[in-house]
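In: A predicted structure for the sequence below; I have some questions about it.
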Amino acid sequence: MIRSYCKADATKVPIGSALDLSLTPGSVKGEDGITAITGLLRGFTALGGFFMQMDVVSVATLRAAKEHPEDYPTLGVRVSGWNARFVTLGERWQDMIIERDEKQE
């Protein structure tokens, strides 16, 4: 995915474009997780990447935030090129984000 993004001719997109990645918490846990993220970022920049947004959140956390928004006022998510506080989104948007992330777990 990173290689494909970095091969695209960004001069054809004058407003830029972000590479949005959703990572599971388990994939970035502990020392191995730090090594994985470091490698991901180094590879991205070495290939010429300039804007990558990474979300690291579990589906369980998203569901909990939907049920108890008062406990998650700052939980941010990436949505089609923009960032939002999850709890400020309508139910339809919240469900779409949960479904999106379920496919990745």
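Out: Good, I have the coordinates.
In: Show me the strands in this protein, by range?
Out: Listed in chain order, the strands of the chain (DSSP state E) span 19-23, 52-56, 76-79, 82-85.
In: of those strands, which approaches Arg3 most closely?
Out: Arg3 lies closest to strand 19-23 among those, at 10.8 Å (Cβ to Cβ). Where C-beta positions appear, they are placed from N, C-alpha and C, glycine not excepted.
In: can you list the strands of the chain in JSON lines and add mean pLDDT, distance to Ala8 and mean neighbour count?
Out: Below are those laid out as JSON lines (pLDDT from 0 to 100; distance: least, Cβ to Cβ, whole Å; neighbours: other Cβ atoms under 10 Å):
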{"stretch": "strand 19-23", "mean pLDDT": "83", "distance to Ala8": "10", "mean neighbour count": "17"}
{"stretch": "strand 52-56", "mean pLDDT": "85", "distance to Ala8": "13", "mean neighbour count": "16"}
{"stretch": "strand 76-79", "mean pLDDT": "86", "distance to Ala8": "19", "mean neighbour count": "18"}
{"stretch": "strand 82-85", "mean pLDDT": "88", "distance to Ala8": "20", "mean neighbour count": "12"}
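In: what's the closest of those to Lys12?
Out: Per Cβ to Cβ, nearest to Lys12 of these: strand 19-23, 15.8 Å.
In: Listing partners with orientation, what would you give for the closest one?
Out: strand 52-56 (parallel) (DSSP bridges).
In: Contacts for the strand it pairs with, please.
Out: Contact with strand 52-56 is made by 2, 18-25, 28, 37, 41, 44, 76-78, 83, as judged by Cβ atoms under 8 Å, 6 or more residues apart in numbering.
In: Return the distance of that strand from the chain's centre.
Out: 3 Å (Cα atoms, centre = their mean, to the nearest Å).
In: Could you do stretch 36-44 as well?
Out: Its chain's C-alpha centre and that of stretch 36-44 lie 15 Å apart, by Cα atoms, centre = their mean.
In: picking that back up, just tell me which of the strands of the chain ends up closest to Glu70.
Out: Among the strands of the chain, strand 82-85 comes nearest to Glu70, with 12.5 Å by Cβ to Cβ.
In: Only alpha carbons, please: show the closest one as PDB.
Out: Provided in PDB are the C-alpha atoms of strand 82-85 (Å, rounded to 0.1, in the frame of the first residue of the first chain):
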ATOM      1  CA  TRP A  82     -10.500  14.600   7.700                       C
ATOM      2  CA  ASN A  83     -10.100  14.000  11.400                       C
ATOM      3  CA  ALA A  84     -13.000  13.900  13.900                       C
ATOM      4  CA  ARG A  85     -13.700  13.300  17.500                       C
END
